[in-house]
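Participant: the following comprises the amino acid sequence and a computationally predicted model.
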Amino acid sequence: MTQQIEHDVLVIGAGIAGLSVALRLADRARVAILAKGPLTEGSSLYAQGGIAAVLGTSDSVEAHVNDTLVAGAGLCDETAVRFTVERGPECIRWLIDLEVPFTREPGTDSESGYHLTREGGHSHRRIIHAADATGRASATTLERHVRNHDNIDIFENHIAVDLITSEKLGLPDQRCLGAYVLDRDSGRVKVFAAGTTVLATGGASKVYLYTSNPDVSTGDGMAMAWRAGCSVANMEFVQFHPTCLYHPAAKSFLVSEAVRGEGGMLLLPDGQRFMPRFDERAELAPRDIVARAIDYEMKRLGLDCVQLDISHKPAEFIKSRFPTIYGRCLEFGFDMTRAPLPVVPAAHYTCGGVVTDLAGKTDIDGLYAIGETACTGLHGANRLASNSILECLVFAAAASEAIKAQLPETRLAAKLPAWDESWVTDSDEEVVVSHNWDELRRAMWDYVGIERDEKGLKHALNEFERMKKDYKKNMYLNDLSPRYNKDLKIALEVTTLLTNAEITAEVSLFRTESRAAQFRLDYPNSDDENWFCNVVVQLVDGEMKLRKVPVEEYIMTKAECQALGYYDSVSGAQPDTWAEG
């Protein structure tokens, strides 16, 4: 008999967003938090730079808002930007109260005596940090508090398979009722029932062959929400971090933007500095500009990498400011106090995601999305450096308040059905799932990467369609053991990656312009007349539908969508504003 586990709130994902919302809710609700592996294993743990917030005496909300809007290339929702920036200092104080060990430096611009650094796209020093391991310091501090809270149940090595919604069960009033979850310890799929479900699963950068993200970053929340019928937006805008360490054994190791913020320069093999030729802000230009410049020089000169040099700074400063990066690079034979580091761009951040309002609510009742999983309107076409953890904190706080207000009216569903395990079957034509994983990620890197064009995008979509058909018909697992079944984990993740890959490629093809994090070789210029808008996609009757949504109308409730004619709530008929995917 399938076990049903019941909580007031189910949080899927255990990075900074998930841990924060769980901790903020736990005094009022019984909370379950799921982690795909060990608690905190995810992108948050590896975030180096810091958290952007207006903490300095010479800084201002207006300056931070303006920097965010500029980086977003016109597609940010200014209401969301202001909402986030204004709540930044309060969220930093919350972390300080929890004893996150931020780096102090008395006499700096920060009133509180914390050291503030500057990163690309920022006009002021406003990045508070814990040396060069801010994500680890924040996540482990939150983890300690979560583990010590009696009202939070932690489920490690649990992978969410799919959301349970009333519509899928043939019930009226579309609502999220919980999720099906694979327990890797037992190999069984459990039913988690909850009055409210929060998606905090991070981004989908693992869909690319080269990425700064850990293996768990497969965009599970985005894919599950999409399958449930949620709107997803701006998936074409994938941010590529300019500087990942180039070494065959240095898997996913990112060299923080703060290295450039503290004076690091990008060089060609002959020692020539090249960024001033591409942007007046040079190494401090937004990430999309720096990543494309590096990519251009590598292709122009046939290089495997470029060089990042901060060796002109005092060695003690480098070691104290970047202890994690310095130590890790030494392991690979690179001493950044003496010589430049070899670096390359890699997929880093999904700027789009599940459309939410300013409380993290999706367009399905009882379902919230926060952090990189969500598309709140903050990032637009390109995320400003160190706004990511800020968004996690602000929207975790906002979502927790909204959820707490609804707790008295929220009820658990009755007995939910068990998961249908029949989708994994034997086949005469065996397809090894790990092959699909590699093939998919290489296609994304080759055709939906830093530079794109119509021919490559269509080729990628054809490949994805072939993979989907083969996968559905010929799913085969070499490993049929119940515990820690690696094949089953990969099978679930490939299904998720295929969904996110197809959405990203479709929207990249649909947007016939270049803007910030999307660069089309065949449409190299921005086109405000036709594309000053966000692209929202939704699964309608089994088909992908795309629509343009004006920036000022971006954050919309379900009722507002209906009022604008995006869908007919009575008949379900789709008007002509939809485009075929």
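Facilitator: Okay, I see it.
Participant: adjacent strands (with direction) for the strand of greatest length in the chain?
Facilitator: The longest strand of the chain (DSSP state E) is strand 188-199. Strand pairing for strand 188-199, using DSSP bridges, gives strand 4-12 (parallel), strand 176-183 (antiparallel), strand 367-369 (parallel).
Participant: okay if I get those strands as TSV plus distance to residue 544?
Facilitator: C-beta: built from backbone N, CA, C; applies to glycine. Output for the strands paired with strand 188-199, formatted as TSV (distance: least, Cβ to Cβ, whole Å):
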stretch	distance to residue 544
strand 4-12	23
strand 176-183	21
strand 367-369	19
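Participant: I'd like these laid out as JSON lines, including mean neighbour count, distance to residue 515 and mean pLDDT.
Facilitator: Output for the strands paired with strand 188-199, formatted as JSON lines (neighbours: other Cβ atoms under 10 Å; distance: least, Cβ to Cβ, whole Å; pLDDT from 0 to 100):
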{"stretch": "strand 4-12", "mean neighbour count": "23", "distance to residue 515": "31", "mean pLDDT": "96"}
{"stretch": "strand 176-183", "mean neighbour count": "24", "distance to residue 515": "33", "mean pLDDT": "94"}
{"stretch": "strand 367-369", "mean neighbour count": "30", "distance to residue 515": "24", "mean pLDDT": "98"}
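Participant: just give the nearest non-adjacent residue to the most centrally placed residue in the chain, would you?
Facilitator: Central residue of the chain (Cα atoms, centre = their mean): residue 203, 2.6 Å from the mean position. In this structure, residue 203 finds its nearest non-sequential neighbour in residue 350, 3.6 Å apart by Cβ to Cβ, 6 or more residues apart in numbering.
Participant: equivalent analysis for residue 53, please.
Facilitator: Per Cβ to Cβ, 6+ apart, closest to residue 53 is residue 88, 3.5 Å.
Participant: and the one you found, how far from residue 61?
Facilitator: 9 Å (Cβ to Cβ, to the nearest Å).
Participant: and residue 461, by the same measure?
Facilitator: 42 Å.
Participant: who's in contact with residue 98?
Facilitator: Residues in contact with residue 98 (Cβ atoms under 8 Å, 6 or more residues apart in numbering) are 141, 142, 145.
Participant: and if you look at residue 153?
Facilitator: Per Cβ under 8 Å, 6+ apart, neighbours of residue 153: 7, 30, 31, 32, 33.
Participant: show me where the stretch 101-250 of the chain has helices.
Facilitator: 134-147, 220-228 (DSSP state H, counting those that start in this stretch).
Participant: how's this protein carved up into domains?
Facilitator: With automatic domain parsing as the criterion, the domains of the chain are listed as 242-348, 423-510, 534-580.
Participant: I'd like the ones you listed laid out as TSV, including distance to residue 236 and mean pLDDT.
Facilitator: Shown next, in TSV, are the domains of the chain (distance: least, Cβ to Cβ, whole Å; pLDDT from 0 to 100):
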stretch	distance to residue 236	mean pLDDT
domain 242-348	12	93
domain 423-510	4	78
domain 534-580	7	58
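Participant: out of those, flag the one nearest residue 75.
Facilitator: Nearest of the domains of the chain to residue 75, taken as Cβ to Cβ: domain 534-580 at 5.8 Å.
Participant: residue 71: neighbour count?
Facilitator: 27 (other Cβ atoms under 10 Å).
Participant: what's the closest non-adjacent residue to it?
Facilitator: Closest to residue 71 by Cβ to Cβ, 6+ apart is residue 384, at 4.0 Å.
Participant: same question, residue 332
Facilitator: Closest to residue 332 by Cβ to Cβ, 6+ apart is residue 247, at 4.7 Å.
Participant: now the contacts of residue 153 in TSV, with distance to residue 226 and secondary structure?
Facilitator: Formatted as TSV, the contacts of residue 153 follow (distance: Cβ to Cβ, whole Å; DSSP: H, G, I helix; E, B strand; the rest coil):
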residue	distance to residue 226	secondary structure
7	24	strand
30	28	coil
31	25	strand
32	23	strand
33	22	strand
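Participant: farthest-apart pair in those, please.
Facilitator: Largest pairwise distance in these, by Cβ to Cβ, is 11.3 Å, between 30 and 33.
Participant: if anything else comes up later, I'll come back, but that's it for now.
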